[in-house]
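Q: need a 3D model of the following:
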Amino acid sequence: MFKQKTIYTILVIASLMIFKSVSAQTNTIYFMDGIHQSLYLNPSYQDNCNTFIGLPGLSGINLQVGNNAFTFGNLFQEKANSPDTLVINFNDIKSGLQNSNYVIGSTAVPVLGLGFWLKRSYFTFNITNKTSVKLSVPLELATLITEGNGNYIGDDNPLVISNFGPQFTNYHEFAFGLSRQITHRLFVGARLKLLFGIASAQTKNSTVKITTQEKTYELDIETDMLLNLSGPVTVTRDSEGNINNIDIDTTDPLAYAINTGNMGVGIDLGANYQFNDEFKFFASVTDLGFINWHTNVINFKQKESYSFSGLSLDSINTDYSEFDAILDSLERFTNLNESSIDYITALNANIYMGATYELAEFMNLGLLSKTAFYQKDIMQAFTLSTNFTPAKWFSGSLSYTVSNKQFTNFGIGMAFKGGPFQIYLLTDNLNAAFWPKQSKAVTFQIGLNLNFGCGKRDDYSIINNKKRKKDIDFM
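A: Sure thing, here's the model as predicted:
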């Protein structure tokens, strides 16, 4: 039993390693008290410290890996009479598939952070490297792999596979934020972002149509695909124009790391409203924006058709010419048309809406809705949390999240203060560490912040000042 659990835990960690170079914030952080990184989800957040300093690589490394189709237990099962050997279980995978299936991964690595007060406004500046990865697998493709094309016979019943392939983006984000108190009840904030793209892979169009003739079972295959690339990529072809290899150029990584040729813009918007002594409402939109890619751009386009009438057994045993002719025809599918045309990718936007109810001066209940947009797919999550600050040096949160038809996501958040140092640790999926076999997602966030002059901004923030808040009639 121990070995089995260990194997699944290693698989979860391996998934994290796959996406280690791929912004992810935990839902648990949204309502936690006193963590600067909350403003990445709602820019109306205001720190009650005079100054915040973010350290490179230390002030909040965030990681998210997940899918909407299967758990690790669905994907891998123990081999009969050999519990230490895992095999892929296609039947269980198929049972969990939806019309649109995807695996996503993202990280955000801080480079520099700064927050400070100027009169009644809170200003922030952040530099972050962000990466997002998405791999789409439509139901039709999975069905073809597991069942073949037997359910798609006839000209009027073709198998059409579309919207599959990878989406990858890596970029630097320079964000300038401002949060301001408008009234005693209302706080608003915005973060304007200047984006510099480093590398990208975008499947703009991917369609394969397979028609099986009713009488002869001959296959007619048509493809229509477009893949956009930008980054340190070199393509080599043979004498007939077919692609031999696609290499990543690592001779000058610094040149790509500081590349400013692929520019974009983005914005985060947020507000929080103190309705009365107990209820506070929140709303925010993050990562509205795009990047225009026009340096080191390669476009691969393919639009081909091919008819496969089958292969006779006699030709395989005695004459290889028929088999060779089929291989020669299939080579056309590697002869991609290559161009260099600029393209645009949109950021993965998020919409947050939530509210808190104050149970005591040190504790509240929170309810949060998150709608995440990944190209044409939408992921919805709901988080219920209990947030508490029993001491000046500690704040915490316990959360429960429903996402991707997964109902066992229990999260925890902890933040400790000592002098100017603050250490925090959060996850929306603590259960993944104990029951990795039943997990569809892992989110993790850890950081070290420097805060100076804490607890001295209450005069400027009615919402952070519980004593003064009680003296105001919000109704």
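Q: residue ranges with poor pLDDT in the stretch 51-200 of the chain?
A: Where the stretch 51-200 of the chain drops to pLDDT under 70, the residues are 66-99, 145-146.
Q: can we see that at 50?
A: Judged against pLDDT under 50, the stretch 51-200 of the chain has no low-scoring part.
Q: surely Phe103 and Leu135 touch.
A: If you look again at residue 103, you'll see it is Val, not Phe. Yes: the pair Val103 / Leu135 is scored as a contact, 4.7 Å apart, by CB atoms under 8 Å. Backbone N, C-alpha and C define where each C-beta goes, glycine included.
Q: the two: who's more crowded?
A: Val103 (20 against 16; other CB atoms under 10 Å).
Q: which strand residues bridge the more buried one?
A: Asn67, Leu135 (DSSP bridges).
Q: number of residues surrounding Val297?
A: 19.
Q: for it, which residues are in contact?
A: Asn228, Leu229, Ser230, Ser340, Ile341, Asp342, Tyr343 (CB atoms under 8 Å, 6 or more residues apart in numbering).
Q: report the contact partners of the residue lying closest to Phe279 once chain neighbours are set aside.
A: Spatially, and ignoring its direct neighbours in sequence, Phe279 is nearest to Tyr357 (5.9 Å; CB to CB, 6 or more residues apart in numbering). Applying CB under 8 Å, 6+ apart, one finds that Tyr357 lies in contact with Glu278, Phe279, Asn364, Leu365.
Q: scan these and report the most crowded one.
A: Counting neighbours by other CB under 10 Å, Asn364 comes out on top of those with 22 neighbours.
Q: from what I can see it touches Asp277, true?
A: No: taking contacts as CB under 8 Å, Asn364 lies outside contact range of Asp277: 11.5 Å.
Q: can you list residues touching both of these two?
A: With CB under 8 Å, 6+ apart, Asn364 and Asp277 have common neighbours Glu358.
Q: restricting to C-alpha, output the helix or strand harbouring Gln64 in PDB.
A: Using DSSP states H and E, the element containing Gln64 is strand 61-67. Extracted in PDB, the C-alpha atoms of strand 61-67 (Å, rounded to 0.1, in the frame of the first residue of the first chain):
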ATOM      1  CA  ILE A  61       6.600  31.300  -6.600                       C
ATOM      2  CA  ASN A  62       3.200  30.000  -7.800                       C
ATOM      3  CA  LEU A  63       2.400  26.800  -9.500                       C
ATOM      4  CA  GLN A  64      -0.800  25.300 -11.000                       C
ATOM      5  CA  VAL A  65      -1.200  22.000 -12.800                       C
ATOM      6  CA  GLY A  66      -4.600  20.500 -13.600                       C
ATOM      7  CA  ASN A  67      -7.000  18.900 -16.000                       C
END
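Q: just checking, what packs against that strand?
A: Packing partners of strand 61-67 (3 or more CB pairs under 8 Å, 6 or more residues apart in numbering; DSSP states H and E): helix 2-18, strand 100-118, strand 441-454.
Q: pairing partners for the last one, with directions?
A: For strand 441-454, sheet partners with direction are given as strand 49-54 (antiparallel), strand 61-67 (antiparallel), strand 421-427 (antiparallel), following DSSP bridges.
Q: for the record, mean pLDDT for the last one?
A: So the one you mean is strand 421-427. Average pLDDT, strand 421-427: 91.
Q: buried sites along it?
A: Buried positions in strand 421-427, judged by neighbour count with 16 or more other CB atoms under 10 Å: Gln422, Tyr424, Leu426, Thr427.
Q: what does that strand contact?
A: 26, 28-29, 32, 34-35, 37, 397, 411-416, 442-451.
Q: only whichever of those are buried, select them in PyMOL.
A: Selection of buried members from these for PyMOL, criterion 16+ other CB under 10 Å:
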select buried, resi 26+28+29+32+34+35+37+397+411+412+413+415+442+443+444+445+447+449+450+451
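Q: that older thread, what pLDDT, on average, does the strand or helix carrying the residue nearest to Phe279 get?
A: Applying DSSP H and E as the criterion places Tyr357 in strand 350-360. The average pLDDT for strand 350-360 rounds to 94.
Q: quick check: next helix or strand after it?
A: Downstream of strand 350-360 (by DSSP H and E), the next one is strand 363-374.
Q: who are the packing partners of the longest strand along the chain?
A: Longest strand of the chain, by residue count under DSSP state E: strand 186-212. Where contact means 3+ CB pairs under 8 Å, 6+ apart, strand 186-212 is packed against strand 121-138, strand 159-162, strand 165-181, strand 219-230, helix 253-257, strand 262-274, strand 279-293, strand 343-346.
Q: phi and psi next, for the residue nearest to Gly455 when sequence neighbours are not counted.
A: Spatial nearest neighbour of Gly455, chain neighbours left out: Asn48 (6.1 Å); criterion: CB to CB, 6+ apart. Main-chain dihedrals, Asn48, degrees, to the nearest 10: phi -90, psi 20.
Q: Asn48 contacts Asp33, correct?
A: No: in this structure, Asn48 is not within contact of Asp33 by CB under 8 Å, at 9.1 Å.
Q: those two: which has the busier surroundings?
A: With neighbours defined as other CB under 10 Å, Asn48 and Asp33 compare such that Asn48 has more, 20 against 16.
Q: what about that one, distance to Ser385?
A: Distance from Asn48 to Ser385, counting by CB to CB, to the nearest Å: 20 Å.
Q: so Leu367 bridges to which residues?
A: Judged by DSSP bridges, the bridge partners of Leu367 are Ala355, Leu384.
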